[in-house]
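Enquirer: Output the structure for:
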Amino acid sequence: MATLTFRGFVYRDGQPIGGVRVRAYPVLADGSLGANYAETSSAQGTGAWQLSVDTSQLASPTGLYDLELFDPQTGQRRWIKGNVSFQVASLFGPDGSLPFPDNSVTTAKIADAAVTDSKLGNRTVDQGTDVAYANTGSLTQILSWVAKRFKEILGTANWSDAVPITLTSLASHASRHKTGGADPLTAADIGAAPESHTHPVATQTSDGFMSAGDKTKLDTLKGYAAVKVGNTLVTAGSAQDTVELVAGTNVTLTPDATNKKVTIAASGGTAPLVLGSQSSPPTSVGSITTFETTIASMNLSSAGTYLILGFAAITVVNGPSTTAITLKINGDTVFNNTMYNGSYGEMTYPITVPYVIGPVAANTTVNLTAQAANTAFCSYARIVALRINLP
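Expert: Predicted coordinates for the structure are as follows:
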């Protein structure tokens, strides 16, 4: 909102009149006057009057105010209608500030077609701008990006230089230079051989389409000289001979044409793997029934199904006449028997236990553990793994 200031003078017969009442009424939409008003009086001696209207306190839906001048001495009234032009000396808000502070005018307040080229003024583009291309920027920056892109596409020194070749001409460029075109090119123009031409025949003594040296190599070249398999030498009979590799039983051939190699691998059957470790004897396996001791372990480096063979030499020492011995592979009991100690002497028992495990993942650990009811120790232990294929 703003404050409107109205000023004037009151005269009668050429003399200033004081005490004349001046009122400002808002003009309503139907042309009638509002009930509220702002009021002042002319000054004695000068007849001057000034009336300020705070539009936030006395609003007018039409933006117009009618002024009433009433002379109490004569009872006469005079009206100044709102559509009469005034000279506005100043315009300010209720608190004395500008009625339109910075950034207060919105797009909706600007009349259509009010911002013309002359109001915008000239803009100077920078075809060499180093600001990265983007979808948002000032008008000058966007125009500079467009000029820079035109310059890059044209390949000229300036974006406004003449176009070297139009897109229409470029699209028909090939047809212009072909036979029968507006600007045909011959083989000689580009340093090429004519369409119909011949080459001399190369021999081992004279160059032709290839050198004489290459012709000599080609004439004497064979696919292979010989391939030795065991004690048999397979000799090439001609340059077109081919060596064929045939996969036998349980053998797989995998050719790699890119890297020029053939991989030969076993397929099916069983492939024994001797793995594991031997304990450092003697290793006590305990005298408490709930105690288990690992006497050998191994790692199965490849995935698959395995036949595990556990070997152990268990010695029963002085004690009761019998001792229960238990062997386990990965927690499963594979041997459980009562062993005799030789009438309170010592007796060593070699034990072999089989166990099938799998299929397992690569790097699976297999442990052989021993447990004794009474005093005993292990003098040797080992694990052997055989990879097998089960039906």
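
Enquirer: Residues contacting stretch 125-133, please?
Expert: Applying CB atoms under 8 Å, 6 or more residues apart in numbering, the external contacts of stretch 125-133 come out as 137, 140-141, 143-151, 158-159. C-beta coordinates here come from the backbone N, C-alpha and C atoms, glycine included.

Enquirer: Buried ones among those residues?
Expert: By neighbour count, with 16 or more other CB atoms under 10 Å, the contacts of stretch 125-133 hold 141, 143-145, 147-148, 150-151, 159 as buried.

Enquirer: Just the element for T216, please.
Expert: Applying DSSP states H and E as the criterion places T216 in helix 212-220.

Enquirer: Sheet partners, orientation included, of the helix or strand following that helix?
Expert: Using DSSP H and E, the next helix or strand after helix 212-220 towards the C-terminus is strand 226-229. Applying DSSP bridges to the sheet, strand 226-229 is found paired with strand 232-235 (antiparallel).

Enquirer: Give the next helix or strand downstream of the partner strand.
Expert: Next along from strand 232-235, by DSSP H and E: strand 251-256.

Enquirer: What lies in contact with the helix or strand just after that following strand?
Expert: Moving toward the C-terminus from strand 251-256, the next helix or strand (DSSP H and E) is strand 261-266. Contacts with strand 261-266, where a contact means CB under 8 Å, 6+ apart, come from 245, 250-256.

Enquirer: neighbours around the closest residue to L67 other than its chain neighbours, how many?
Expert: Among residues not flanking L67 along the chain, I80 sits closest, at 4.0 Å (CB to CB, 6 or more residues apart in numbering). As a burial measure, I80 scores 16 neighbours (other CB atoms under 10 Å).

Enquirer: How about Y25?
Expert: Count around Y25 with other CB under 10 Å applied: 21.

Enquirer: Would you mind giving me the confidence score for it?
Expert: Note on Y25: pLDDT of 96.

Enquirer: That one should be in a strand, yeah?
Expert: Yes: per DSSP: H, G, I helix; E, B strand; the rest coil, Y25 lies within a strand segment.

Enquirer: and stretch 321-329, how far from the chain's centre?
Expert: 63 Å (CA atoms, centre = their mean, to the nearest Å).

Enquirer: just stretch 121-141 next, same as before
Expert: The mean C-alpha position of stretch 121-141 is separated from the chain mean by 29 Å, CA atoms, centre = their mean.

Enquirer: what's the answer for stretch 313-332, then?
Expert: Using CA atoms, centre = their mean, the distance between the centre of stretch 313-332 and that of its chain works out at 63 Å.

Enquirer: How far does that stretch stretch from one end to the other?
Expert: From its first residue to its last, stretch 313-332 covers 19 Å (CA to CA, to the nearest Å).

Enquirer: for it, what is the average pLDDT?
Expert: On average, stretch 313-332 scores 80.

Enquirer: hmm, back to that, was I right about the residue nearest to L67 contacting L64?
Expert: No: I80 is not in contact with L64 according to CB atoms under 8 Å; the separation is 11.2 Å.

Enquirer: how about the nearest residue to Y65, chain neighbours excluded?
Expert: Closest to Y65 by CB to CB, 6+ apart is A24, at 4.7 Å.

Enquirer: Next: V366.
Expert: Using CB to CB, 6+ apart, the nearest residue to V366 is M298, at 5.2 Å.

Enquirer: mind listing what's buried in stretch 330-337?
Expert: Those would be 330, 334-335, for stretch 330-337 by 16+ other CB under 10 Å.

Enquirer: Just the helices from the protein, written as ranges.
Expert: 117-120, 139-154, 167-171, 173-177, 212-220 (DSSP state H).

Enquirer: Export the ones you listed as a markdown table, with columns for mean pLDDT and distance to S321.
Expert: Shown next, in a markdown table, are those (pLDDT from 0 to 100; distance: least, CB to CB, whole Å):
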| stretch | mean pLDDT | distance to S321 |
| --- | --- | --- |
| helix 117-120 | 86 | 116 |
| helix 139-154 | 94 | 102 |
| helix 167-171 | 79 | 108 |
| helix 173-177 | 78 | 107 |
| helix 212-220 | 84 | 88 |
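
Enquirer: Most widely separated two among the contacts of strand 261-266?
Expert: N250 and D256 (21.0 Å; CB to CB).

Enquirer: Which one's more surrounded, these two?
Expert: It is N250, of N250 and D256, that has more neighbours when counted by other CB under 10 Å, with 13 against 9.

Enquirer: Would you mind measuring from the more buried one to V356?
Expert: As judged by CB to CB, to the nearest Å, N250 and V356 stand 21 Å apart.

Enquirer: just to revisit the earlier point, so which bits of the helix holding T216 are buried?
Expert: K215.

Enquirer: tell me what it is packed against?
Expert: Of the remaining helices and strands, none touches helix 212-220 by 3 or more CB pairs under 8 Å, 6 or more residues apart in numbering; DSSP states H and E.
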